[in-house]
Each structure stands twice: as structure tokens, then as C-alpha cells.
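S.K.: sequence? don't have it. structure:
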């Protein structure tokens with residue numbers, strides 16, 4: 001399984017926010033934003049900051065999806 005942050009990006013669109021706005025609101029480093037954009041693993045601290053900044057829960061910004069090898 002891999003982590004997908006598609007829910008986060010959809011939420012930003014719904015709230016008319018840009019990634020830069022989220023980065024500033026959650027006090028995230030550029031490298032953390034890059035990792036989120038690439039669906040890479042980030043620390044729990046980063047996820048908590050995002051959830052607090054957006055007033056949401058983890059399930060509202062991310063989900064586990066099967067990777068390509070698991071689908072076959």
C-alpha cells in the first residue's frame with residue numbers, strides 16, 4: 001500500500017487555496033511540500049500541522065491505495 005494525498009489537493013481546490021497558502025498556514029518547509037506533492041512519506045508532525053491548519057482529520061487529507069504491484 002502507498003499513501004495518496006489526492007484528498008488534500010482536492011480540499012485545497014474546494015477552499016480556493018494554493019499549495020503556497022497551505023505551506024504558510026501550516027508552517028511547512030519547501031521540502032515537506034515537495035514530499036507531499038510526490039506522495040512520499042512525511043513525518044507525523046507534518047501531517048498534524050496540515051490537519052490543524054485546515055481543521056480536518058487525517059482521513060480528510062490522505063488515504064492508502066494499493067500500489068501497482070499489488071493490483072496484479
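M.R.: Received it, and whenever you're ready, just let me know what you need. Note that this is a predicted model, so its numbers are computed, not measured.

S.K.: contacts and neighbour counts: CA atoms only from here.
M.R.: Noted.

S.K.: Which residue ranges of the protein form strands?
M.R.: Remark: strands assigned in the chain by DSSP state E are 2-4, 63-65.

S.K.: Of all those strands, which one is nearest residue 57?
M.R.: With Cα to Cα as the measure, strand 63-65 is the member of these nearest residue 57 (11.4 Å).

S.K.: Contacts for that closest one next, please.
M.R.: Residues outside strand 63-65 that contact it (Cα atoms under 8 Å, 6 or more residues apart in numbering) are 1, 2, 3, 4, 5, 7.

S.K.: ok, for residue 60, nearest residue in space, not its chain neighbours?
M.R.: residue 7 (6.3 Å; Cα to Cα, 6 or more residues apart in numbering).

S.K.: Next one: residue 34 from residue 20, what distance?
M.R.: From residue 34 across to residue 20, the span is 11 Å (Cα to Cα, to the nearest Å).

S.K.: thinking again about what came up before, from the strands of the chain, which stretch is densest packed?
M.R.: Using mean count of other Cα atoms under 10 Å, the stretch among these with the largest mean neighbour count is strand 2-4, at a mean of 16.

S.K.: Could you give the separation of that strand from the chain centroid?
M.R.: Computed by Cα atoms, centre = their mean, to the nearest Å, the chain-centroid distance of strand 2-4 equals 10 Å.

S.K.: What strands line up against it, and which way round?
M.R.: Sheet pairing of strand 2-4 (DSSP bridges) gives strand 63-65 (antiparallel).

S.K.: could you give me the average pLDDT of the strand it pairs with?
M.R.: The average of the pLDDT scores along strand 63-65 is 93.

S.K.: Contacts only, for the nearest residue to residue 62 once chain neighbours are set aside.
M.R.: Closest residue to residue 62 apart from its sequence neighbours, by Cα to Cα, 6+ apart: residue 5 at 4.6 Å. For residue 5, the contact set (Cα under 8 Å, 6+ apart) comprises 36, 37, 39, 61, 62, 63.

S.K.: Turn the buried ones among the residues you listed into a named PyMOL selection, would you?
M.R.: Remark: buried members of those, expressed as a PyMOL selection using 16 or more other Cα atoms under 10 Å:
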select buried, resi 36+61+62
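
S.K.: out of the contacts of residue 5, which one sits closest to residue 12?
M.R.: Residue 12 has its nearest neighbour among the contacts of residue 5 in residue 61, at 9.6 Å by Cα to Cα.
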